[in-house]
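Engineer: coords below, sequence missing:
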């Protein structure tokens, strides 16, 4: 289904390019808007949230098309072509992550984080999705993701917000962990809360870096980390979400790695 959809998308774009048809199917010239606010739908969406939503839709179609090309839907690729496509996919994924960060930031600053508390299985409904999302990055980094959460562990909280937290922490572990190292996810119950942890084999975070780690646009500036791309929003967003869920997050550096720990209510 994904290949058929991608093929249709590509054929549609080629047809419109060849015929000179504009992308909204209207042959009349599009009247330019006087400002971004003219494009905003009626309602309470902020400018950045509206733009982020629009970009996510466009980017999703683009990524699907590029995957179709990589998978040979338009013909076999040689080594150089495939390497170029792989680089394009990485950049598109980075752009997708950046858009998501700014969309999350917009919701946080507008007070639009809404908790939908429902019981769910943490492994089936969150961790499996995280593993699927980062399988390529983990493989390329030669890392091992070890999940020690009990298979039948159920929690009552907001699934989507918890998914964002784990996505951010695992992404962080891949970026700052050492190639060939481990990422370990663990949980345990502490009174009426659940304590989750995400460990990676990266360089231990210094006391100075700990002070600014969860601040907006904060980046680690060590020699090892200077070439790592990102918005500096991931951990700020993560902490904001956990606070909204009534919990807290902190980091514990070890002799050769770092463990990010957070607690949220179990029920």
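Structural biologist: Perfect, I can see it now. Computed from a prediction, not measured in an experiment: that's the story for all the values here.

Engineer: state the helix or strand in which the most centrally placed residue in the chain lies.
Structural biologist: Most central residue of the chain, judged by C-alpha distance to the mean C-alpha position with CA atoms, centre = their mean, is residue 97 at 4.8 Å. Under DSSP states H and E, the secondary-structure element containing residue 97 is helix 79-109.

Engineer: buried set for that helix?
Structural biologist: Residues of helix 79-109 classed as buried under the neighbour-count rule (16 or more other CB atoms under 10 Å) are 85, 89, 92, 96-108. (Each C-beta comes from the backbone N, C-alpha and C, glycine too.)

Engineer: same question for stretch 114-126.
Structural biologist: Of all the residues in stretch 114-126, those buried under the rule 16+ other CB under 10 Å are 120-123, 125-126.

Engineer: returning to that earlier point: next one: phi and psi at the nearest residue to the residue nearest to the centre of the chain once chain neighbours are set aside?
Structural biologist: The shortest distance from residue 97 to any non-neighbouring residue, by CB to CB, 6 or more residues apart in numbering, is to residue 171 (7.3 Å). In this entry, residue 171 is assigned phi and psi values of phi -60, psi -40 (degrees, to the nearest 10).

Engineer: in the stretch 151-267 of the chain, where is pLDDT below threshold?
Structural biologist: Regions of the stretch 151-267 of the chain meeting the criterion pLDDT under 70 cover residues 220-231.

Engineer: quick one, strands of it?
Structural biologist: Residue ranges of the strands in the stretch 151-267 of the chain, as given by DSSP state E, counting those that start in this stretch, are 154-158, 182-190, 193-200, 248-253, 258-265.

Engineer: which stretch among these comes nearest residue 215?
Structural biologist: Across the strands of the stretch 151-267 of the chain, residue 215 has its closest neighbour in strand 248-253 (12.9 Å, CB to CB).

Engineer: can you tell me which helices and strands that closest one packs against?
Structural biologist: Taking 3 or more CB pairs under 8 Å, 6 or more residues apart in numbering; DSSP states H and E as the contact definition, the neighbouring helices and strands of strand 248-253 are helix 234-244, strand 258-265.

Engineer: the same query, at a cut-off of 10 Å, please.
Structural biologist: The elements that strand 248-253 packs onto, with contact taken as 3 or more CB pairs under 10 Å, 6 or more residues apart in numbering; DSSP states H and E, are strand 193-200, helix 207-212, helix 234-244, strand 258-265.

Engineer: and residue 73, which of these is closest to it?
Structural biologist: Counting by CB to CB, and looking across all of these, nearest comes helix 234-244 at 33.1 Å.

Engineer: got the angle for that closest one vs strand 248-253?
Structural biologist: Per axes from the mean of the first three to the mean of the last three CA atoms, to 10 degrees, the angle that helix 234-244 makes with strand 248-253 is 140 degrees.

Engineer: buried sites along helix 234-244?
Structural biologist: Residues of helix 234-244 classed as buried: 234-242, 244 (neighbour count, 16+ other CB under 10 Å).

Engineer: just to revisit the earlier point, can I get the helices and strands packed on strand 248-253 in CSV with distance to residue 182?
Structural biologist: CSV is the format used below for the helices and strands packed on strand 248-253 (distance: least, CB to CB, whole Å):
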stretch, distance to residue 182
strand 193-200, 7
helix 207-212, 21
helix 234-244, 20
strand 258-265, 12
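
Engineer: understood, closing this out.
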